[in-house]
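take this sequence and fold it.
(one chain, ligands or ions: 1)
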Amino acid sequence: MTIEAGIEGRHAQAARVAVSVRNVDMSFADFHAVKDASFDLEDGRFLTILGPSGSGKTTLLRMIAGFQKPSAGEIFINGKPVSATPPHKRSIGMVFQKLALFPHMTAAENVAFPLKMRRFDATTIPERVQRYLDLVHLGGYADRRIHQLSGGQQQRVAIARALVFEPDLLLLDEPLAALDRKLREEMQLEFRRIQRELGVTTINVTHDQREALVVSDEVIVMDKGVIQQKAPPSATYRTPANAFVAGFIGVTNFISGKVTATSGDTVSFDVGGSEVTGTWAAQGAAPSVGASVTGALRAEQVRLAASEAELSGCQTTRRGVVRDAIFEGERLVYEIDLAPGTLLRVFDHDAAAHKQFAIGDNVAMGWNARDVLTFPN
Ligand SMILES: Nc1ncnc2c1ncn2[C@@H]1O[C@H](COP(=O)(O)OP(=O)(O)OP(=O)(O)O)[C@@H](O)[C@H]1O
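Purely as a prediction, here's the structure:
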């Protein structure tokens, strides 16, 4: 069993739907922000809604939270329609980019706040607060005021405060967007750990594709108000539903041309006078000869060598001139001419073990037809 199959199989028996979004639309005066969104999220799962700025992901989250009423459609939480339920009655914990902690209170007082608001038995509050501060690894910081805590520690207080009343659902609206990269990556893993420990159903919004892949059981990719795909992270990466998803997740080269031949799922198309062979990856039958298509080829699927003879494992080989070579630490990034007007971006993740090329070198590139995911143009 692969690691992904193991992770994704974990919830195979957990079938209870915690959140169901049914044909939800949101129109502002003259703008259609969310269009006919439908999905189910099972209990205990971590879903990330991923998309570029303005794609409608925050609007969708705000409708689930109850801050915005859908123009059409219905949202169900634990099987009950919630459009008539105000946000504070929805049993939802939230963490936003602006943490909105009370600066004059201690960490413990901040975490106790939602319990006091919900009139929890006062004698149980200190133990509960300590348990949630321990959960976020702030057990020893209960009496610190917010300004005496680092950015990451403040984030942890906000997580404890969102979870302490044991909500049915945790909503995260880009809580990590303002953090520097190292802290952001550390907190991504923390969100994942805490979510797994508690098993709380979670919906996270981000435009950071890496975060979506790292933290989630499932990813929804949105563009222009429309859900493009809902799938486990590895499937959005390996079997994107369309060219938009292929381009948004990972670094993808797009190669466009007109179809010259098809055979089953194999599609050949002309790119600036040279033929590229790809695999039809869209729904429905393969296109006819003459149709415009786009092939999506990931930067790490292309192999490089000085000569074609060294690329015997590749079904397709091409020559091209290196236009740029950029050292990024963990990888070398090349930009190579494939055809007039078409540059291929190529990653070498093990540059120390491979021959390195310089700008101006004429190199051989190789890949397989299954790596060129071909979609209608
Ligand atoms: N109250 C509003 N009135 C009018 N238009 C709105 C309103 N709220 C959002 N929009 C528009 O709806 C679209 C989607 O906004 P939304 O905030 O959901 O996008 P997003 O994907 O979360 O983007 P970002 O990552 O930038 O937050 C945007 O074009 C936005 O301008």
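
the closest residue to the ligand within the stretch 201-350 of the chain: neighbouring residues, count only.
Nearest residue of the stretch 201-350 of the chain to the ligand (C-beta to the nearest ligand atom) works out as H207 at 5.0 Å. No exception for glycine: its C-beta is placed from N, CA and C like everyone else's. By other C-beta atoms under 10 Å, 18 other residues sit near H207.

show me what contacts it?
Shown in contact with H207 (C-beta atoms under 8 Å, 6 or more residues apart in numbering): 50-53, 57, 174.

near the ligand, from those?
Contacts with the ligand are made by 51, 53, 57 out of these, judged by C-beta under 6 Å from any ligand atom.

quick check: the gap between the last one and A37.
Relative to A37, K57 is positioned 10 Å away (criterion: C-beta to C-beta, to the nearest Å).

between these two, who's got more neighbours?
Neighbours were counted for K57 and for A37 using other C-beta under 10 Å; K57 has more, 29 against 25.

now do the contacts for the more buried one.
If a contact means C-beta under 8 Å, 6+ apart, then K57 has 49-51, 205, 207, 222 as its contacts.

which members of those residues are positioned in helices?
The members of the contacts of K57 all map outside helices under DSSP state H.

turn the residues you listed into CSV, including distance to R298.
Converted to CSV, those look like this (distance: C-beta to C-beta, whole Å):
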residue, distance to R298
I49, 23
L50, 17
G51, 20
V205, 25
H207, 20
M222, 21
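
okay if I get those as JSON lines plus pLDDT?
Formatted as JSON lines, the contacts of K57 follow (pLDDT from 0 to 100):
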{"residue": "I49", "pLDDT": "97"}
{"residue": "L50", "pLDDT": "97"}
{"residue": "G51", "pLDDT": "95"}
{"residue": "V205", "pLDDT": "96"}
{"residue": "H207", "pLDDT": "91"}
{"residue": "M222", "pLDDT": "97"}
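
just the buried residues from those residues, in ChimeraX please.
Only the buried entries of the contacts of K57 go into this ChimeraX selection, using 16 or more other C-beta atoms under 10 Å:
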select :49,50,51,205,207,222
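
coming back round to it: can you tell me which of the ones next to the ligand among the contacts of H207 is nearest W280?
Nearest to W280 out of the ones next to the ligand among the contacts of H207 is G51 (C-beta to C-beta; 25.2 Å).

the closest one against D223, yeah?
Yes. G51 is within contact range of D223, at 5.9 Å (criterion: C-beta atoms under 8 Å).

list the residues that contact both of those two?
Contact criterion C-beta under 8 Å, 6+ apart; residues shared by G51 and D223: F248.

and D30, how far from the ligand?
Distance, D30 to the ligand, using C-beta to the nearest ligand atom, to the nearest Å: 8 Å.

where does V321 fall, helix, sheet strand or coil?
Here V321 is recorded as strand under DSSP: H, G, I helix; E, B strand; the rest coil.

ugh, wrong one, I meant I75
Per three-state DSSP, I75 ends up strand.

wait, what's in contact with it?
I75 makes contact with 19-22, 24, 63-64, 81-83 under the criterion C-beta under 8 Å, 6+ apart.

between those, which sits nearest the ligand?
For the contacts of I75, the residue nearest the ligand by C-beta to the nearest ligand atom is M63; the value is 9.6 Å.

ok, the closest one touching M26?
Yes. Counting by C-beta under 8 Å, M63 touches M26, with 6.3 Å between them.

more crowded one of the two?
More crowded of M63 and M26, by other C-beta under 10 Å: M63, with 25 against 22.

just to be sure, that one is in a strand?
No. According to three-state DSSP, M63 belongs to no strand; its state is helix.

report pLDDT for it.
pLDDT, M63: 96.

is it correct that Q153 is in contact with G139?
No. Contact between Q153 and G139 fails when scored by C-beta under 8 Å: they sit 11.9 Å apart.
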